[in-house]
Structures are given as structure tokens and as C-alpha cells.
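1. got a predicted structure plus its sequence, pasted below:
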Amino acid sequence: MYKATEILSLPIRDIKEGECRGKARNILFGAKQGQYYLELDKSCLGQAEVLAKESIASIGESFILIEKESDIKRVLSADEALCANLRKSYVLLGVEVISETGCHLGKIIDFVIDRSGVLSCIILDNEVSIDKADIITVCEDVVFVKASGDHDEGGKMAKENTKDADFIGEDEAKEDNQKSPVGLTVREDVSSADGAFEIKAGSVITEEIFNRAKEHDAVLALGFVAM
């Protein structure tokens, strides 16, 4: 098994001459199962080069080995078959993942390829791993996956928890609004900041007094106590 990020960190050397031929900057995963290409890191688009999976002799801890330099193909001079395959190949790293229920699940930060070149799973930026069996479609800028896995359930649970929290907040707000100091006793003399509202300590709060206190921003100053 190979992780994409591990492959992209390795220099490419040809066995015939022992020369380093650069590094891959992207992995283009083909619509055809088991096909991928390494896009070499070239500063000029006119020099864009790719290395097909079948041209890779081996992938080790330190190097990607190819038989000869000519295994690397320049895109502008590639044959018609290779160009057709490249048009149906996509970069997966950084691509958005959406479930069939319309939930945004995250973006791909890595993926695993088995030794035969088949995509094994994708890894999202929230550390969720999605198996190839749950992948429905790979497109240019999005990957669609099934909603049956734990990844989608986690998203649903998070939404449900958020909704529950919202409902709890609404209920608490309603309870707060229903609380009233009417019938309680004022603990000490109160005078509003604008001087328009005054009440003596020991006074029982009536609905009228409470409403006047609210009008003059003096509710908190009432310091009421239960009798």
C-alpha cells in the first residue's frame, strides 16, 4: 500500500543511467480502475511531463525507480491514447467530498493506492477514511460517496446535536422570559440611573413596578428576595 503524500515526497531515478529525473507534484487518478499517472514538477507548462503507473519499476522508501528516462512522457508530444487517458484523469488531493445525501464531508488530504495501482481509500481533512467501495463517482472537482458509512452518520449526528442544542437554548430562553420577580421583596433602596424610577427597600414588587423598572433599565438593581 502507498499513500499519495509518501509517493509525492520521493525522487524519481532511472535505473539505466542512475540520474534523478525530478519529483512528482501530483497524482492523476484515471477513471479506469488501476490507472494513475505521476505529474512531474515542471515550472513551465510547455514542459509538462507524466509517468504512467505501468512505467514505474518499483516504489521504495527512498526512491521511485523507472527503467529509463524515456518512460517519462512529455504531454505536448504524447500519443493520442495517452492524451485521451489524461483527459479522463483527475487530481484527488484537495478535492471536495460530498455524500449522496448532499452533505459536505470534507476535502481529500491523502489517499491510499494498493500495489496493483487500485485506489484503496481516501482520507479527509477531518481524519475520516472512506473505503473505495463507498466511492460513487470521481469528477474534476468533487468526489461523490455513499451515505451508508460512518462518515455520513457522523455528519448527521453533528447536525442533530446542533439542532438539539438550538432547541435547548430556545427552551431556556422561554423559561427565562417566563420568570418574573412579581410578589418578591426589594432588598434595598433602588434608584435608576436617569432618576425617573425609585423604590424603597422592603417594597413588594408588583407588575407595574416591574414594568417601570424595565423601562428605566433598573431590573437588575432591584436585588429582589423571596418572601
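-> Thanks, I have it.
2. make it CA atoms for all contacts and neighbour counts henceforth
-> Noted.
3. all helices of the protein, in order?
-> Ranges of helices within the chain are 4-7, 80-87, 150-178, 207-215, based on DSSP state H.
4. looking at these, which has the lowest confidence?
-> Per-stretch mean pLDDT for the helices of the chain is lowest at helix 150-178 (a mean of 48).
5. lowest confidence element among the helices and strands of the chain?
-> helix 150-178 (a mean of 48; mean pLDDT, DSSP states H and E).
6. Asn26: what's it in contact with?
-> Leu8, Leu38, Glu39, Leu40, Asp41, Val91 (C-alpha atoms under 8 Å, 6 or more residues apart in numbering).
7. report the beta-bridge partners for it.
-> Glu39 (DSSP bridges).
8. same check, this time on Ile122
-> Ile122 forms beta bridges with Phe111, Ile130, as assigned by DSSP bridges.
9. residues contacting it?
-> Residues in contact with Ile122 (C-alpha under 8 Å, 6+ apart) are Ile108, Asp110, Phe111, Val112, Ser129, Ile130, Asp131, Lys132.
10. in PyMOL, select just the buried ones from those residues.
-> To isolate the buried members of the contacts of Ile122 in PyMOL, using 16 or more other C-alpha atoms under 10 Å:
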select buried, resi 108+110+111+112+129+130+131
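11. in a markdown table, list the contacts of Ile122 along with distance to Ala24 and pLDDT.
-> A markdown table is the format used below for the contacts of Ile122 (distance: C-alpha to C-alpha, whole Å; pLDDT from 0 to 100):
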| residue | distance to Ala24 | pLDDT |
| --- | --- | --- |
| Ile108 | 18 | 94 |
| Asp110 | 15 | 92 |
| Phe111 | 15 | 90 |
| Val112 | 16 | 90 |
| Ser129 | 24 | 92 |
| Ile130 | 24 | 92 |
| Asp131 | 25 | 91 |
| Lys132 | 23 | 87 |
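12. what about the residue nearest the centre of the chain, distance to Glu96?
-> By C-alpha atoms, centre = their mean, the mean C-alpha position of the chain lies nearest to Gly106, the distance being 2.9 Å. According to C-alpha to C-alpha, to the nearest Å, Gly106 stands 6 Å off from Glu96.
13. neighbours of Ala201, how many?
-> Applying other C-alpha atoms under 10 Å, we find 14 other residues in the vicinity of Ala201.
14. doesn't Val186 make contact with it?
-> Yes. If you go by C-alpha atoms under 8 Å, Ala201 and Val186 touch, sitting 5.2 Å apart.
15. thinking again about what came up before, so what's the residue nearest to the centre of the chain up against?
-> When the contact criterion is C-alpha under 8 Å, 6+ apart, the partners of Gly106 are Glu96, Val97, Ile98, Leu124, Asp125, Asn126.
16. just Ser192 next, same as before
-> Taking C-alpha under 8 Å, 6+ apart, one finds Glu198, Ala213, His216, Asp217, Ala218, Ala221 in contact with Ser192.
17. tell me the domain ranges of this structure?
-> Domain assignment for the chain, taken from automatic domain parsing, gives 2-91, 96-151, 179-227.
18. lowest mean pLDDT across the ones you listed, which one is that?
-> Among the domains of the chain, domain 179-227 scores lowest, with a mean of 77.
19. now that one: how far from the chain's centre is it?
-> Mean C-alpha position of domain 179-227 versus that of the full chain (C-alpha atoms, centre = their mean, to the nearest Å) differs by 51 Å.
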